[in-house]
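Visitor: Prediction below, plus the sequence it came from.
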Amino acid sequence: MSKTAFGWGLIGASTIAREWVIGAIRAQAGAEVAAVMSSSAARAAEYAKANGIAKAYDSLDALLADPKVDAVYISTTNELHKEQTLAAAAAGKHVLCEKPLALSVSDAREMVEACRAARVVMGTNHHLRNAASHGAIRAAIKAGRIGTPLSARVFHAVYLPPHLQGWRITRPEAGGGVILDITVHDIDTLRFILDDNPVEVTALAQSGGMAAAGLEDAAMAVFRFGSGLIAQTHDGFTTKYAGTGIEIHGTEGSLIGRDVMTQRPVGTVTLRTEKGEEQLPLAPENLYERSLRAFHAAMRGEGSPAASGEDGVWSLAAGVATMDSAKTGRVVRIDPGL
């Protein structure tokens, strides 16, 4: 009989875990957040107390040795993800890792291979796949409602609030910058919606005053996908007043998503064709709860995570290529090596 109740260990006493993931785990039947780990013992203890978590550790080995921990959620800074994932896999723990999976594509592939060899589930926390809006866009495309998709635009330039700035705008060695933080989400969302993979990219990046030297806080890119579709992305940390959105334009119509590149279950999707405009019906749901539901099913042997480890390799490969293009001015091929 397959296991149905799972205990989670949080690797990283993070804001995203506090705001979104702890609640999403607790919304699953039989699930508990059993422990949290931080490199600071004081922070781990404070975080555990504030969030009703039974155990606090300042050592990765100690958390992984806890028999109540069946799965880990990794939300530390990006340069730590590989080491922590390999250790978790070796300990037989399922892994849900924040994006980007690592700082290099080869490291990300190694993480995926380690989890596969250990026969544990690995997922990438690309939450936008779980939005009702993006599911509706994907379904409309598959139903042929806009004909053949030809182009796409993603508007994901936002303002990074002070409590989230930190390492994202100061530490290149930790994988800071807008491309690895936001552009990777755009690419994963487009891959999900289009059921297509990007093959090359050209990009420009900007340092508009928020990020430290050596890091970009805004970027625009154009991707070509395997089908021939071209997609434009605009990402930023410095844009206070723009809305977010996504558009897919095809031979027979367009799909317009407004306020849909967000953690919250909000936004609208409009279909435009020769018949006029139609608002697509949506059934909004907490994105993280839906993601954790799929992950729990995968741990029971019933399906796959919303975004797999391989999906995380793809988005990282696109992000790394985007950074390379912005630095060199060249069109860069995207190769995940999968």
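Guide: Sure thing, it's come through. Numbering: from 1, shown residues only.
Visitor: how close does the closest residue to Ser59 other than its chain neighbours get to Ala13?
Guide: Residue nearest to Ser59 in three dimensions, not counting chain neighbours: Met37, with 7.0 Å by CB to CB, 6 or more residues apart in numbering. Yep, even glycine has a C-beta here, placed from its N, CA and C like the rest. Noted for Met37: a distance of 8 Å to Ala13, by CB to CB, to the nearest Å.
Visitor: neighbour-wise, which of the two wins?
Guide: Neighbour totals were compared for Met37 and Ala13, and Met37 leads with 29 against 24 (other CB atoms under 10 Å).
Visitor: Who does the residue nearest to Ser59 form a beta bridge with?
Guide: Ile11, Tyr57 (DSSP bridges).
Visitor: Just list the residues touching it, thanks.
Guide: Contacts for Met37 (CB atoms under 8 Å, 6 or more residues apart in numbering) come out as 9-13, 44, 56-60, 62-63.
Visitor: The same query, at a cut-off of 7 Å, please.
Guide: Going by CB atoms under 7 Å, 6 or more residues apart in numbering, Met37 touches 9-11, 44, 57-58, 60, 63.
Visitor: do the same with Ala140
Guide: 146, 255, 271, 280.
Visitor: in what helix or strand does it lie?
Guide: helix 132-142 (DSSP states H and E).
Visitor: which parts of that helix are buried?
Guide: 132-138, 140-141 (16 or more other CB atoms under 10 Å).
Visitor: Gly312: which of the residues you listed is nearest?
Guide: His134 (17.1 Å; CB to CB).
Visitor: Roughly how far does the closest one sit from Pro305?
Guide: 16 Å.
Visitor: helix/strand/coil for Val72?
Guide: Secondary structure, DSSP: H, G, I helix; E, B strand; the rest coil: Val72 is strand.
Visitor: Please name every helix or strand in contact with the next helix or strand after the helix holding Ala140.
Guide: Downstream of helix 132-142, the first helix or strand assigned by DSSP H and E is strand 149-157. Under the contact definition 3 or more CB pairs under 7 Å, 6 or more residues apart in numbering; DSSP states H and E, strand 149-157 sits against helix 184-194, strand 230-236, strand 245-250.
Visitor: Reformat these as JSON lines; add mean neighbour count, mean pLDDT and distance to His163.
Guide: As requested, these are exported to JSON lines (neighbours: other CB atoms under 10 Å; pLDDT from 0 to 100; distance: least, CB to CB, whole Å):
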{"stretch": "helix 184-194", "mean neighbour count": "25", "mean pLDDT": "98", "distance to His163": "19"}
{"stretch": "strand 230-236", "mean neighbour count": "22", "mean pLDDT": "97", "distance to His163": "18"}
{"stretch": "strand 245-250", "mean neighbour count": "21", "mean pLDDT": "98", "distance to His163": "25"}
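Visitor: mind putting the ones you listed in TSV, distance to Arg109 included?
Guide: Shown next, in TSV, are these (distance: least, CB to CB, whole Å):
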stretch	distance to Arg109
helix 184-194	16
strand 230-236	24
strand 245-250	28
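Visitor: mind checking which of these is nearest Ala326?
Guide: Nearest to Ala326, of all these, is strand 230-236, at 11.3 Å by CB to CB.
Visitor: Just the CA coordinates for that closest one, please, in PDB.
Guide: The C-alpha coordinates for strand 230-236 follow below in PDB (Å, rounded to 0.1, in the frame of the first residue of the first chain):
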ATOM      1  CA  ILE A 230       8.500  34.100 -31.800                       C
ATOM      2  CA  ALA A 231       7.900  35.400 -28.300                       C
ATOM      3  CA  GLN A 232       8.900  38.700 -26.700                       C
ATOM      4  CA  THR A 233       9.400  39.000 -22.900                       C
ATOM      5  CA  HIS A 234       9.700  42.100 -20.700                       C
ATOM      6  CA  ASP A 235      10.900  41.600 -17.200                       C
ATOM      7  CA  GLY A 236      11.900  44.000 -14.500                       C
END
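Visitor: This completes my enquiry, with thanks.
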